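K.L.:
everything below, folded, please.
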Amino acid sequence: MTPVVHPADPRLPAARERVSRALDPGIARPDLVEELASRLLSIDDSDRMGWATGPLEDASAERALVGDLLYAHGLAPDRVGSALAPHAVHWAPPAQVTPHQALLRPEDLATPDRLQDSYDAIVIGSGAGGGMAAQVLAEAGMRILVVERGAYPAPSALVREHLRTPRAATGMLTLTGPGVRGEEREVSLGGGSAEAVPPRDWRWNDNALTLGGGTRVFGAQAWRFAPRDFEMASTYGVPDGSALADWPLTYEDLEPFYTRVEQQLGVSGGPFTDPWAGPRTAELPLPAVGGSPLTALLASAAQRLGLGTQPVPLLVASRPHGGRAACIRCSQCIGFDCPVAARAGSHNTTLPRAAASGNATILPGTQVARILLAPGDSGRVRGVELVGETPDGRIWRREVAAGAVVLSAGAIESARLLLDSATDTHPAGLGNAHDQVGRHLQGHAYGGASALFADEVVDLRGPGPSISTGDLRHGNAGIVGGGILADEFVPTPATAQRSLLQTGLVPADTPQGSAATERAMLRFGRVMGPIQEVTSAHSRVRIDRGRRDRFGRAIVHLSGGLHREDLRGRALLVERATAWLEEAGAERVVPMGPMSLPTPVSAGQHQAGTLRLGTDPARSATAPDGHVWGHQNLFVADASLHVTNGGVNPVLTILANALRVAEGVAD
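P.N.:
Numbers count the residues shown, from 1 in each chain. Below is the predicted model of the structure:
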């Protein structure tokens, strides 16, 4: 979309100068400078970024900003040099996006005026866990209501805007976030004073508020947790200052559910050489998607280093599966909607199946303000209070009854809702008699390294992650747990140029659009991985009852941070990723920088743990079957249940555990 021009805006001369200074003279045509300067002002007006005239950190930051503007919608033939010209068509959004038959249809979605007074069950949240729970309950014959806070942007909207994806690192509001009117959250560094942060601040920890949740735009790495991931305390002990614990489940308990999810949703990858992986009752149903030139370099380097490798398992159809098309291997994947529905998200798998049963009502753009209890001391839930906003800005509220409630709003929002549903008999919040709700918040700290190669290693064929090692998940001397390492997703042009500048792989004064920058964008590689964090009781979600958003909901307060053992595990992955890239022949390798305590709380897109499972109500928030202690018909089916979060992406475990919990609810 062409930005609105501000011909009389007093900021325009400074914006033009900023753009001209960063661009290579070979592409700095007056019309392009004017367009990018106008785009800069438009973003300042919409997102209040302060980019137009405010000071930036250094020349590198200025060039990264102008590079974002230049590549806001991928490559365009009229604004690239000779190095990128052959790739202009491929490193851009698909020319046309036609809604796939597997997607939810407009007629599948409800509006508030179509709600019934009661349902057999209400599912709060529509991401991985909520979608799976919705499918299971609806197909079991239960009349269900699925409530999703976010809207359902059209697929075409989520494949064209490169600067508003969750991976863009621009600080701009995302198309799948809470929006410009989203409430602030409070964040404390360690045990320090609280700071209010807006939704565009990374410390807000947005996890995709849209129908389908994070699965609408996720990377879809589909790892199983390893057997030791379920018994971390028994394996490593409990480090000082941590609350490390074992799950009340074993790998063997969850294995049948892992297998069913893999077969139903279509996981590609394998065979596995991971020495820590558990036994399988079935191989993955789909072959691996395919690799890149970097894949071959990393494979031979791993062999020389003695590392075992395997394809990255992905919830991406390498051939048609379940009514979805095969991956077309386009150059943009994570952060975008899949243009052919090859990536398995709730919006094109579980939710459509729930809708097809005829038993599901799916309501986007609505929040649950409170979970309501039945009269008396039984603790039984009787329904929820819904709140939303009409197109003309009026706030509406409505109570809806339910036989059961399944909470799948994500680790932060699920804990928030229980805390904010306090009553006279439950003054600290539902299920919180022992102050366990909201504790043990965790996610994934990442370690890795970036590199520049002599030859092109980016072939612009997605999704990107194709080779991994699981050798470092456990068995690392002096380290509690560990994690995987894998090559990264194909970056967008905007993120590629920004990464090169931020890592120093190209000098800070290298102009955007220059031959040097363009060649480097095609020679850039990265190896990354998550570490298994050591949980802490002080890393938690609370609410500020004295501050409320426009719907009357208490503001979230996040506090705590990483444990010192987490920094040791992260340093291990940084060291091994660096060695792997060096052995692969990179000309230059830049390790991720060190971290020091205290850190902000870890609660990004892999947030987990605030309602962890257990057998003792004094040390956990939920029972092994997923119900909230003290509330027999209130269940949780998202990553809040995770006792520990593994050294891998957690979505397959969320899906498998939600399948297990939901079948118990249906029974």
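K.L.:
give the contact list for residue 47.
P.N.:
Counting by Cβ atoms under 8 Å, 6 or more residues apart in numbering, residue 47 makes contact with 171, 172, 173, 180, 200. Glycine gets a C-beta too; all of them are placed from N, C-alpha and C.
K.L.:
how about the third one, secondary structure?
P.N.:
Reducing the assignment at residue 173 to three states with DSSP: H, G, I helix; E, B strand; the rest coil gives coil.
K.L.:
what number of residues lie near it?
P.N.:
22 (other Cβ atoms under 10 Å).
K.L.:
excluding covalently adjacent residues, which one is nearest to it?
P.N.:
The spatially closest residue to residue 173, leaving aside those adjacent along the chain, is residue 200, at 5.1 Å (Cβ to Cβ, 6 or more residues apart in numbering).
K.L.:
how about the first one?
P.N.:
Taking Cβ to Cβ, 6+ apart as the measure, residue 171 lies nearest to residue 200, with 5.5 Å between them; neighbours along the chain are not counted.
K.L.:
helix, strand, or coil at that neighbour?
P.N.:
coil.
K.L.:
tell me the mean pLDDT over the host helix or strand of residue 33?
P.N.:
Per DSSP states H and E, residue 33 falls inside helix 30-47. Helix 30-47 shows an average pLDDT of 91 in the prediction.
K.L.:
list the buried residues for that helix?
P.N.:
Residues of helix 30-47 classed as buried by neighbour count (16 or more other Cβ atoms under 10 Å): 32-44, 47.
K.L.:
buried residues in stretch 478-493?
P.N.:
Neighbour-count burial for stretch 478-493 flags 479-493 (criterion: 16+ other Cβ under 10 Å).
K.L.:
would you mind measuring the gap between the ends of it?
P.N.:
Chord length of stretch 478-493, first to last residue, is 39 Å (Cα to Cα, to the nearest Å).
K.L.:
sorry, back to before: going by distance to residue 95, which of the buried residues of helix 30-47 wins?
P.N.:
Nearest to residue 95 among the buried residues of helix 30-47: residue 35, at 21.1 Å, using Cβ to Cβ.
K.L.:
and the end-to-end length of stretch 233-252?
P.N.:
18 Å.
K.L.:
any idea how far residue 317 is from residue 343?
P.N.:
Going from residue 317 to residue 343 by Cβ to Cβ, to the nearest Å gives 8 Å.
K.L.:
circling back: closest to residue 233 out of the buried residues of stretch 478-493?
P.N.:
Closest to residue 233, out of all of these and judged by Cβ to Cβ, is residue 480, at 10.0 Å.
K.L.:
in this structure the closest one contacts residue 233, no?
P.N.:
No: using Cβ atoms under 8 Å, residue 480 is not in contact with residue 233, being 10.0 Å away.
K.L.:
can you check which residues contact both of those two?
P.N.:
In contact with both residue 480 and residue 233: residue 244, using Cβ under 8 Å, 6+ apart.
K.L.:
and stretch 9-16, average pLDDT?
P.N.:
Model confidence over stretch 9-16, given as mean pLDDT, is 89.
K.L.:
how far off centre is that stretch?
P.N.:
36 Å (Cα atoms, centre = their mean, to the nearest Å).
K.L.:
residue 227 touches residue 249, doesn't it?
P.N.:
No: with contact defined as Cβ under 8 Å, residue 227 does not count as touching residue 249 (11.0 Å).
K.L.:
look up how far residue 29 lies from residue 268.
P.N.:
Per Cβ to Cβ, residue 268 is found 44 Å from residue 29.
K.L.:
those two: who's more crowded?
P.N.:
Per other Cβ under 10 Å, whichever of residue 268 and residue 29 has more neighbours is residue 268, with 29 against 13.
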